[in-house]
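S.K.: quick one, structure for this:
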Amino acid sequence: MESLASVKLEPFLLIAKGSKGALTAKTIQDAISAPGVFVFSELLALPRVQELSSNPQHAPTLRLLELFAYGTWSQYQANPSAFPPLTPHQITKLKHLTLVSLAKSNRTLPYSQLLSSLSLSTVRALEDFLIEGMYHSLIKGKMDQQRRVFLVDECIGRDVDPNELAILRSALETWAQTQTDLITQLSYNISAATKQSTEQQSQLLLYQMERDAAIVDANSKSSSSSNNVSGWGGGGGLRSSGSDDWDMAGGGFGSGFSTGGGKAVGGGTGGGKGKKPLMASHGSPAHARKKNKN
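M.R.: Model prediction:
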């Protein structure tokens, strides 16, 4: 919005650069009255325009330009004799610029404040004025008739009063310091979170190592116990009594084999005799006898 207003101001800048005295004052009046022109800092900065301050006849016109650049309707009302008389169109424009200044400082504008600041007598007149301001793209917002407030979404920027530059600079420095403090705090939080995450990962890795070691140890003990249990029971000894019959001597610990005369070689504790079993069971005696068939 500001760029479009600057384009509309361009013809007046060209005239003012080559003007002097009364022509410069007239150019200022024309710029103030021109539709769509709401920023005046470039015109105000021209040397030919600043020369008017030393001319008593045209100095009020320079003050009027300053009023439209960063002043308000209430400032005009406080001392109207310090300025040239305003046309109805100029009064409306100054009130629109006053509305912009109010919108910059407060996003919720009560109707009562607007009625007083703009010298409007009725709510209907105020709402028509707000609609006109939105039509000219000076402000964007919503009228809340139930709450009797105007809710500002955005507005154009106005020229900065040189007397307010120190205040603006202080506000910017405060903002910059706030951002620096915020960045410092965020950096600390990120560092703390990273450290905590690293510690948690280390603890998790240690837990996994201890768990794996415990599993390996348990498997080792289970295998050793299984080997010890498999040594119990017996096999048996096989012996011959000098005939075609064979006996399985089983049971006890260990196993043995015997031949001839019923004497066993090897063997173990316990034992027994029996017929040849269909299947020998682990850890119990089993006997079988084989007979010759003629």
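
S.K.: okay, helices next: where are they in the stretch 51-200 of the chain?
M.R.: 59-70, 73-78, 88-105, 111-117, 123-135, 165-230 (DSSP state H, counting those that start in this stretch).

S.K.: worst average pLDDT in those helices?
M.R.: Note on the helices of the stretch 51-200 of the chain: lowest mean pLDDT is at helix 165-230, with a mean of 85.

S.K.: against which helices or strands is that one packed?
M.R.: Using 3 or more C-beta pairs under 8 Å, 6 or more residues apart in numbering; DSSP states H and E, no helix or strand is in contact with helix 165-230. Glycine gets a C-beta too; all of them are placed from N, C-alpha and C.

S.K.: for that helix, the distance to its chain's centre please.
M.R.: Distance of helix 165-230 from its chain centroid, counting by C-alpha atoms, centre = their mean, to the nearest Å, is 21 Å.

S.K.: now swap in stretch 84-103 and tell me
M.R.: Relative to the centre of its chain, stretch 84-103 is centred 42 Å away, using C-alpha atoms, centre = their mean.

S.K.: from Y70, how far off is the residue nearest to W73 when sequence neighbours are not counted?
M.R.: Nearest residue to W73, sequence neighbours excluded (C-beta to C-beta, 6 or more residues apart in numbering): T98, at 4.4 Å. Here T98 is placed at a distance of 11 Å from Y70 (C-beta to C-beta, to the nearest Å).

S.K.: same deal with A214?
M.R.: With C-beta to C-beta as the criterion, A214 and Y70 are 79 Å apart.

S.K.: who's more crowded, the two?
M.R.: Neighbour count, other C-beta atoms under 10 Å: between A214 and Y70, Y70 has more, with 20 against 10.

S.K.: that one and D217: what is the separation?
M.R.: Computed as C-beta to C-beta, the Y70 to D217 distance reads 84 Å.

S.K.: try T178
M.R.: T178 is 59 Å from D217, by C-beta to C-beta.

S.K.: element containing Q50, please.
M.R.: Using DSSP states H and E, Q50 sits in helix 47-50.

S.K.: correct me, but E154 touches K140?
M.R.: Yes - the pair E154 and K140 qualifies as a contact (C-beta atoms under 8 Å) at a distance of 4.9 Å.

S.K.: more neighbours: these two, which one.
M.R.: K140 (15 against 12).

S.K.: need the contact list for the more buried one.
M.R.: The contact partners of K140, taken as C-beta atoms under 8 Å, 6 or more residues apart in numbering, are 134, 152-155.

S.K.: of those, which qualify as buried by neighbour count?
M.R.: Neighbour counting with 16 or more other C-beta atoms under 10 Å marks 134, 152, 155 as buried within the contacts of K140.

S.K.: correct me if wrong: L126 contacts S117.
M.R.: No - using C-beta under 8 Å, L126 makes no contact with S117, being 10.4 Å away.

S.K.: what is the burial count for P60?
M.R.: There are 17 residues near P60, going by other C-beta under 10 Å.
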